[in-house]
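Chemist: Next come a sequence and a model predicted from it.
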Amino acid sequence: MGRPIITPAEMTAAEQAVFDAGTDSFDIMTRAGIAAAEFLHARWPEGTIQVLCGPGGNGGDGFIAAARLAKLWRTVEVFCLVDPSALTGDAAKAAAQWQGGVRPLEAALSAPHDLVLDALFGGGLSRPLDGVPAALATRGGRVISIDVPSGIDGLTAKPLGACFRADGTITFSGLRPAHVLQPGAALCGVVFAADIGVPAQTQAVENSPLIWGPAMPRPGPEGYKHKRGHLKVVSGPAASTGAARMAARAGLRVGAGLVTVVSGHGAMSVNAGHLTAVMLEEANSADDLAAAIQNAQVVIAGPAAGITPSTRANVEVLLKGAARAVLDADALTVFDSHPAELFKRLRPDDVLTPHVGEFRRLFGDLLDTEANKIEATRKAAAKAGCVVLLKGADTVIAAPDGQAVVNTHATPWLATAGSGDVLAGFIAGLMAQGMATLPAAAMGAWLHGEAGLRVGAGLISEDLEAQVPNILSALHGERR
Ligand SMILES: NC(=O)C1=CN([C@@H]2O[C@H](COP(=O)(O)OP(=O)(O)OC[C@H]3O[C@@H](n4cnc5c(N)ncnc54)[C@H](OP(=O)(O)O)[C@@H]3O)[C@@H](O)[C@H]2O)[C@@H](O)CC1
Ligand SMILES: Nc1ncnc2c1ncn2[C@@H]1O[C@H](COP(=O)(O)OP(=O)(O)O)[C@@H](O)[C@H]1O
Ligand SMILES: [K+]
């Protein structure tokens, strides 16, 4: 599985279960502090360290880490927001482990150092940083944060105000939403999740080949094209056919055995002039489309389809057929004033692939009312009754039963016209070969990100599919 993404509430429940089973909470804090010290020491083996401790558990981890770093012969100075005599519980016990002096936090502002270990606030952040913590957060320099960079809310992934910008973050048991969702994720640096013996239950994971690798389609010696699935892509009108063709090529690249663009008469000649391995079929009415999709396993509708009554009629026809549907772009926007008309037709194995604008049109203000993008996408999937993939630097894929996968394996170079069409093609091409919708969406998003990373600067959407053979060969362990 990928790394679990745990909410603070799930973490608290996991912690409680461990305590109920007899483990001392200070033992857990000790493991956390030691893990933090070892993470810092392994990655940043040189330089003097300022450890900044807050008044709660995060500060407790900091004191334990300071003691461990000193044992590793690192030069450490400890600064605390409150007088150590004011600390209580495990934090007080942790402070007692630190043999050196403790200076007031303010003194850190002018003390020379190479690295900062930020142990001010983690899960207990209750208000924006102010005063000395805010000044320390914004002064720059190399920072390693414990749990989350102080000032960021672990659940919403949003800074409450001033916050640290870390080069590395060590957290425990799994990731928090702030480590994968923006804007928090961009402020965490490299994130390491240490096992401290507190296993948490969650339905959200970070995307990884570990999730879908075992289900990757791969033709055997008995394979032939009809066995690898038939994907059909509904073309836009004559002046906007490129999106459907890019989706179609992407579907073919990931292994669909047959891919056909279904086009109205007016766009036939332009499609015919541009298609080679992808086939072409004419459909001029809803009935034609219903007949055309009968031999398809998966259909894509929406890319550059046009916000027109015929796009809406096409979607309604598709959702009556047996093929699973991948609906993107205009196929979503045509339902913006009556989304319930779409939702009642969707089946659990269909997938919607909105960007944030399209998501808001269908699902209203979920992104504002829910705690974070994972929760918003989950609610959307439950409302729509199918898989929803909400695009972005943090792409969230959720199923109606609450399972969620977050893909951060991507690059901002993917923010370019047509890149979403290619993503829809990857997902649909994998589904056509029989992959279940959620893993196909997760694998499609990962492939899309990997292709984007390989192309890098200068990327245009047409470049993405050419990366697929090398990526798939690597995933299948085949030499090229
Ligand atoms: N969960 C786990 O399994 C494990 C958790 N562990 C560690 O414990 C951490 C959670 O500890 P925690 O609950 O004590 O909260 P923490 O973040 O230290 O802060 C609370 C204190 O800060 C204060 N305060 C808040 N905001 C403030 C502000 N802006 N400015 C000033 N003060 C502010 C707040 O005051 P209050 O809101 O009560 O007024 C309270 O005194 C967690 O992040 C992890 O590092 C590990 O040890 C092992 C496993
Ligand atoms: N900053 C970013 N970092 C990583 N990926 C991004 C970023 N911005 C956009 N993307 C990805 O690029 C694609 C854009 O899709 P979309 O908005 O539908 O564009 P289009 O409609 O032009 O195809 C999505 O897969 C999205 O996740
Ligand atoms: K912190």
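Modeler: Arrived safely, thanks for sending. Ligands and ions are numbered 1, 2, ... in the order given.
Chemist: ok and the residue in the protein nearest ligand 2?
Modeler: For the chain and ligand 2, the shortest gap (CB to the nearest ligand atom) falls at residue 420, measuring 2.1 Å. Where C-beta positions appear, they are placed from N, C-alpha and C, glycine not excepted.
Chemist: Surely that residue touches residue 332?
Modeler: No. Applying CB atoms under 8 Å, one finds residue 420 not in contact with residue 332, separated by 11.2 Å.
Chemist: Let me see the backbone angles for residue 46.
Modeler: Per-residue torsions, residue 46: phi -130, psi 150 (degrees, to the nearest 10).
Chemist: Where does the closest residue to residue 442 other than its chain neighbours sit: helix, strand or coil?
Modeler: Setting aside the residues directly before and after it, residue 442 is nearest to residue 405 in space (CB to CB, 6 or more residues apart in numbering), at 4.5 Å. Here residue 405 is recorded as strand under DSSP: H, G, I helix; E, B strand; the rest coil.
Chemist: Kindly report the same for the one 4 residues further on.
Modeler: Using three-state DSSP as the criterion, the local structure at residue 409 reads coil.
Chemist: residues near it, how many?
Modeler: Neighbourhood size, residue 409 [other CB atoms under 10 Å]: 18.
Chemist: Tell me the spacing between it and ligand 1.
Modeler: The spacing between residue 409 and ligand 1, counted by CB to the nearest ligand atom, to the nearest Å, is 26 Å.
Chemist: where's residue 474, which helix or strand?
Modeler: Taking DSSP states H and E as the definition, residue 474 sits inside helix 468-476.
Chemist: What is the distance between that helix and the centre of its chain?
Modeler: Between the centre of helix 468-476 and the centre of its chain there are 21 Å (CA atoms, centre = their mean, to the nearest Å).
Chemist: Check which helices and strands it sits against.
Modeler: Packing partners of helix 468-476 (3 or more CB pairs under 8 Å, 6 or more residues apart in numbering; DSSP states H and E): helix 242-253, helix 437-455.
Chemist: Adding mean neighbour count, write those helices out as JSON lines.
Modeler: Below are these laid out as JSON lines (neighbours: other CB atoms under 10 Å):
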{"stretch": "helix 242-253", "mean neighbour count": "28"}
{"stretch": "helix 437-455", "mean neighbour count": "25"}
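Chemist: For residue 172, which of those is the nearest?
Modeler: In terms of CB to CB, the element of those nearest to residue 172 is helix 437-455, at 24.7 Å.
Chemist: and the angle from that closest one to helix 468-476?
Modeler: Per axes from the mean of the first three to the mean of the last three CA atoms, to 10 degrees, the angle that helix 437-455 makes with helix 468-476 is 120 degrees.
Chemist: tell me the mean pLDDT over helix 437-455?
Modeler: For helix 437-455, mean pLDDT rounds to 98.
Chemist: And for stretch 237-251?
Modeler: Computed over stretch 237-251, the average pLDDT equals 98.
Chemist: What of stretch 200-208?
Modeler: On average, the pLDDT along stretch 200-208 is 96.
Chemist: So which bits of that stretch are buried?
Modeler: 200, 202-208 (16 or more other CB atoms under 10 Å).
Chemist: Please narrow these to those residing in strands.
Modeler: Of these, the ones assigned to strands by DSSP state E are 204-206.
Chemist: quick one, what contacts the residue of the stretch 201-350 of the chain found nearest ligand 3?
Modeler: Of all residues in the stretch 201-350 of the chain, residue 206 sits closest to ligand 3, with a separation of 20.3 Å (CB to the ion). For residue 206, the contacting residues are 2-5, 175, 180, 405-406, 408, by CB atoms under 8 Å, 6 or more residues apart in numbering.
Chemist: And the furthest pair within those residues?
Modeler: Taking CB to CB, the two most distant members of the contacts of residue 206 are 4 and 408; they sit 14.4 Å apart.
Chemist: out of those two, which sits in the more crowded spot?
Modeler: Just comparing residue 4 and residue 408: by other CB under 10 Å the higher neighbour count belongs to residue 408, 21 against 18.
Chemist: Around ligand 2, which positions in this protein sit nearby?
Modeler: 329, 355, 391-393, 395, 410-412, 414-415, 417-421, 423, 448 (CB under 6 Å from any ligand atom).
Chemist: Mind doing that once more with 8 Å?
Modeler: Proximity of the chain to ligand 2 is confined to 243, 303, 328-329, 353-355, 358, 391-393, 395, 407, 410-423, 445, 448-449, 452, 461 under the rule CB under 8 Å from any ligand atom.
Chemist: What about those residues, which are in strands?
Modeler: The strands, defined by DSSP E, take in 395, 407 from the residues of the chain next to ligand 2.
Chemist: Could you give me the ChimeraX syntax to select whichever of the residues of the chain next to ligand 2 are buried?
Modeler: A single ChimeraX command suffices to select whichever of the residues of the chain next to ligand 2 are buried according to 16+ other CB under 10 Å:
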select :243,303,328,329,353,354,355,358,391,392,393,395,407,410,411,413,414,418,419,420,421,422,423,445,448,449,452,461
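Chemist: Please narrow the residues of the chain next to ligand 2 to those residing in helices.
Modeler: 243, 358, 419-423, 445, 448-449, 452 (DSSP state H).
Chemist: Show me the domain layout of the chain.
Modeler: Residue ranges for the domains of the chain, per automatic domain parsing: 8-202, 209-476.
Chemist: follow-up on the earlier one: please enumerate residues in contact with the helix holding residue 474?
Modeler: With CB under 8 Å, 6+ apart as the test, helix 468-476 has contacts from 209, 213, 216, 218, 250, 253-255, 426, 447, 450-451, 454, 479-480.
Chemist: Could you check it and say which residues are buried?
Modeler: By neighbour count with 16+ other CB under 10 Å, helix 468-476 contains the buried residues 468, 471-472, 475.
Chemist: give me the beta-bridge partners of the residue nearest to residue 442?
Modeler: residue 205, residue 397 (DSSP bridges).
Chemist: From residue 376, how far out is it?
Modeler: Shown here: residue 405 relative to residue 376, a distance of 15 Å by CB to CB, to the nearest Å.
Chemist: Which one of those two is surrounded by more residues?
Modeler: Between residue 405 and residue 376, counted using other CB under 10 Å, the more crowded position is residue 405 (30 against 23).
Chemist: residue contacts, the closest residue to residue 180 other than its chain neighbours?
Modeler: Nearest in space to residue 180, with sequence neighbours left out and distances taken as CB to CB, 6+ apart, is residue 406 at 4.5 Å. Listed by CB under 8 Å, 6+ apart, the contact set of residue 406 reads 5, 180-181, 204-207, 374, 394-397.
Chemist: Tell me the one among the residues you listed nearest to ligand 1.
Modeler: Using CB to the nearest ligand atom, residue 5 is the member of the contacts of residue 406 that sits closest to ligand 1, with 14.7 Å.
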